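Visitor: Dropping a prediction and its sequence here:
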Amino acid sequence: MEDGKQGVMVAAQNPIAQLQALFKDLENGFRAWLAKQSLPVEAAAVVTTTSAAQGASIGAFMGTLTNNATSAFPTPPPQANLDPQAMASFKQAQALAGGPLVQAHNFVVMTGVNAGISCVMKRIRVKEDVQSS
């Protein structure tokens, strides 16, 4: 090179790999902090809340995909003589047919409760297996 300067070849790292490494470090730090917490803090405050937030985003996304399908499940007239089992499955179908807010609410409840129970079971059994998942 000119003037006695030599060029240094800088190896450009992949920005996605850098982001993944940063996220992995953050996740490992969070898991180490979480392992030091008591069971109520871990289960109630952290795991259930983060899973509920994740469920809200999933539910809102699913609700926008399915839109509002309540017209597909019209409410039967009150005088209709329906089998109780048929009415129960009809109510279940209506629960899944709401808009983004209804779907978000349903997913918040399902994912939050599931994560909280799984966290408590994993902490009590001191291992993660099929029974605690």
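Guide: Perfect, thanks for sending it. On a predicted model such as this, the values are computed, not experimentally measured, just so you know. Numbers count the residues shown, from 1 in each chain.

Visitor: For the longest helix along the chain, name the packing helices and strands.
Guide: Counting residues, the longest helix in the chain under DSSP state H turns out to be helix 100-125. Secondary structure elements in contact with helix 100-125, counted by 3 or more CB pairs under 8 Å, 6 or more residues apart in numbering; DSSP states H and E, are helix 48-66. In this view, the C-beta of every residue, glycine as well, is placed from N, C-alpha and C.

Visitor: Name the residues that touch the helix it packs on?
Guide: Defining contact as CB atoms under 8 Å, 6 or more residues apart in numbering, one finds that helix 48-66 is touched by 97-116, 119.

Visitor: Please save the CA atoms from it in CSV.
Guide: Extracted as CSV, the C-alpha positions of helix 48-66 are listed here (Å, rounded to 0.1, in the frame of the first residue of the first chain):
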residue,chain,number,x,y,z
THR,A,48,-46.9,-16.6,34.1
THR,A,49,-46.7,-12.9,33.2
THR,A,50,-44.2,-13.4,30.3
SER,A,51,-46.2,-16.4,29.0
ALA,A,52,-49.4,-14.4,29.3
ALA,A,53,-47.9,-11.6,27.3
GLN,A,54,-46.7,-14.1,24.7
GLY,A,55,-50.2,-15.6,24.6
ALA,A,56,-51.8,-12.1,24.1
SER,A,57,-49.6,-11.5,21.0
ILE,A,58,-50.3,-15.0,19.6
GLY,A,59,-54.1,-14.6,20.3
ALA,A,60,-54.2,-11.1,18.7
PHE,A,61,-52.4,-12.5,15.6
MET,A,62,-54.7,-15.5,15.4
GLY,A,63,-57.7,-13.2,15.8
THR,A,64,-56.7,-11.1,12.9
LEU,A,65,-56.3,-14.2,10.8
THR,A,66,-59.6,-15.6,11.6
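
Visitor: one step back: mind listing what's buried in the longest helix of the chain?
Guide: Going by neighbour count (16 or more other CB atoms under 10 Å), the buried part of helix 100-125 is 100, 102-108, 111-112, 115-116, 118-122.

Visitor: go on, stretch 37-53?
Guide: Of the residues in stretch 37-53, those scored as buried under the neighbour-count criterion (16+ other CB under 10 Å) are Glu42, Ala43, Val46, Val47, Thr48, Ser51, Ala52.
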